[in-house]
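1. model this:
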Amino acid sequence: MQADGSRARQEAGRGAGRRAGFTLIELLLVMSLLGLLLGAGVGLLAGMDLESDTAPERVRAALSAMQGAALAEQLPAHARLSVDRRSLAIDLPRARRSWHFEAAGEGLALSGAKLTEDGFLGRALDLEAAPLDGRAELDLAGRAELGTASGFALRFQLRLSGAEGGEIATCGEGLSLRLDSEGRLVAMLAARRVGEASAAAAGAGSWTVQSEPGLLERGRWQRLTLLADGRHLELWLDGVRAASLALELDTAAARLQLPEGSLRLGGRPRPFPGQIDELTLYAYESADPLDLPQRVDWPADGPAQLSFGPDGILEQARTRPLVLALRLPGGLERPLILTSRGIADG
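-> Have a look, this model is predicted:
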């Protein structure tokens, strides 16, 4: 019995050794196969041009970001192709300063004008309180970044109370917005030469745009936007374009006269006969440029500029889809289809 038990234990030990040896050989074989597979994988990755392969997705992401910014701020967003067609420069609107006119101070100084309780939201600025020279000064000091912006916008709520026209907003000699005696909204914008002081420089250019008369309804709050985005000078009233003028600006020699120092609301020769509330100053700021990989080409027939409107629709695709067929290595093309409904892969 003991001999049988001893033999059984020996056989069990030899079996365990055989199982252990087989497992070790199997492990070595698996490791060898993994080494071969990993070596091939590294070689495959080294041969892939991931930057070129992902270029269409990055272009689509940039365009989607532009569309989102335009919708969020309800202002246009722009992209322009570089001269060598190797990168996209993107300009997006960003809110820089807001005033709610709840109290004087903190950048708001009143002179004749008063704060009224029946504003659009809470209190509002009442310019009609002093019909000859009622005004308010909004301090823009410390907004040095506006000097490098490619454009700007002013948006606010206003309510017409009186029957005459008057000054709505003024910033030095470079910007004015008023309601004329016939009920037209009139905006004037000047450019200054690059490197000169804030005063408008002679010969740098100035533009005036005006709406049709009678757009303001007495006694009702309306949202007015003055847009100077570097491409157009426009007036928007309650989300509808009321006036537009293309800007011909040599950006290498001149720059839009952006609000800096102080912005005056109302004032001589006669203030706007009404109230203003919820004013926001926007600046157009440049995002990081989107560089195309060396082996990816912008389509030869593709537009050099792309603009999303305040409604988020690409201006070049309002009437028919725009196809951007990016050329990839090996003669391949990856089309992006831009429509009034969005962006899709071709």
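2. can you tell me the closest non-neighbouring residue to residue 306?
-> The shortest distance from residue 306 to any non-neighbouring residue, by C-beta to C-beta, 6 or more residues apart in numbering, is to residue 79 (4.6 Å). C-beta coordinates here come from the backbone N, C-alpha and C atoms, glycine included.
3. please identify the helix or strand for that neighbour.
-> Assigned by DSSP states H and E, residue 79 belongs to strand 77-81.
4. for that strand, what is the average pLDDT?
-> The predicted model gives strand 77-81 an average pLDDT of 92.
5. give me the buried positions along the helix or strand just after it.
-> As assigned by DSSP H and E, the chain's next helix or strand after strand 77-81 is strand 87-99. The neighbour-count check on strand 87-99 (16 or more other C-beta atoms under 10 Å) flags 87, 88, 89, 90, 91, 92, 93, 94, 96, 97, 99 as buried.
6. okay, now the unreliable bits of the stretch 151-300 of the chain?
-> Judged by pLDDT under 70, the stretch 151-300 of the chain has its weakly predicted residues at 193-204, 249-255, 257-261.
7. any chance you could map the strands in it?
-> Per DSSP state E, counting those that start in this stretch, the stretch 151-300 of the chain carries strands over the ranges 152-160, 166-171, 175-179, 185-193, 206-210, 221-228, 232-237, 240-246, 254-256, 262-266, 274-286, 290-291.
8. next one: stretch 124-140 to chain centre, how far?
-> How far stretch 124-140 lies from its chain's middle: 31 Å, per C-alpha atoms, centre = their mean, to the nearest Å.
9. same check on stretch 66-75?
-> For stretch 66-75, the distance to the chain centre is 6 Å (C-alpha atoms, centre = their mean).
10. can you list contacts of it?
-> For stretch 66-75, contacts defined as C-beta atoms under 8 Å, 6 or more residues apart in numbering pick out 76-79, 90, 92-95, 153, 225, 227, 229, 239, 282, 306, 308-312, 314, 342-343.
11. that stretch: which residues count as buried?
-> For stretch 66-75, by 16+ other C-beta under 10 Å, it's 66, 67, 69, 70, 71, 73, 74, 75.
12. now the strands of the stretch 151-300 of the chain as a markdown table including mean neighbour count?
-> Listed next are those as a markdown table, based on neighbours: other C-beta atoms under 10 Å:
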| stretch | mean neighbour count |
| --- | --- |
| strand 152-160 | 23 |
| strand 166-171 | 23 |
| strand 175-179 | 22 |
| strand 185-193 | 22 |
| strand 206-210 | 16 |
| strand 221-228 | 21 |
| strand 232-237 | 21 |
| strand 240-246 | 14 |
| strand 254-256 | 22 |
| strand 262-266 | 24 |
| strand 274-286 | 21 |
| strand 290-291 | 16 |
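13. need those strands in JSON lines with distance to residue 301, can you?
-> Output for the strands of the stretch 151-300 of the chain, formatted as JSON lines (distance: least, C-beta to C-beta, whole Å):
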{"stretch": "strand 152-160", "distance to residue 301": "32"}
{"stretch": "strand 166-171", "distance to residue 301": "41"}
{"stretch": "strand 175-179", "distance to residue 301": "38"}
{"stretch": "strand 185-193", "distance to residue 301": "32"}
{"stretch": "strand 206-210", "distance to residue 301": "32"}
{"stretch": "strand 221-228", "distance to residue 301": "29"}
{"stretch": "strand 232-237", "distance to residue 301": "25"}
{"stretch": "strand 240-246", "distance to residue 301": "23"}
{"stretch": "strand 254-256", "distance to residue 301": "31"}
{"stretch": "strand 262-266", "distance to residue 301": "44"}
{"stretch": "strand 274-286", "distance to residue 301": "26"}
{"stretch": "strand 290-291", "distance to residue 301": "19"}
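14. which one of those lies nearest to residue 131?
-> Checking the strands of the stretch 151-300 of the chain against residue 131 by C-beta to C-beta gives strand 166-171 as the closest, at 8.4 Å.
15. any residues touching that closest one, and which ones?
-> For strand 166-171, the surrounding residues in contact (C-beta under 8 Å, 6+ apart) are 127, 154, 158, 175-179, 226, 257, 259-273, 276.
16. try stretch 306-325
-> By C-beta under 8 Å, 6+ apart, stretch 306-325 touches 59, 63, 66-71, 73-80, 88, 231, 236, 239, 298-299, 302-303, 333-340, 346.
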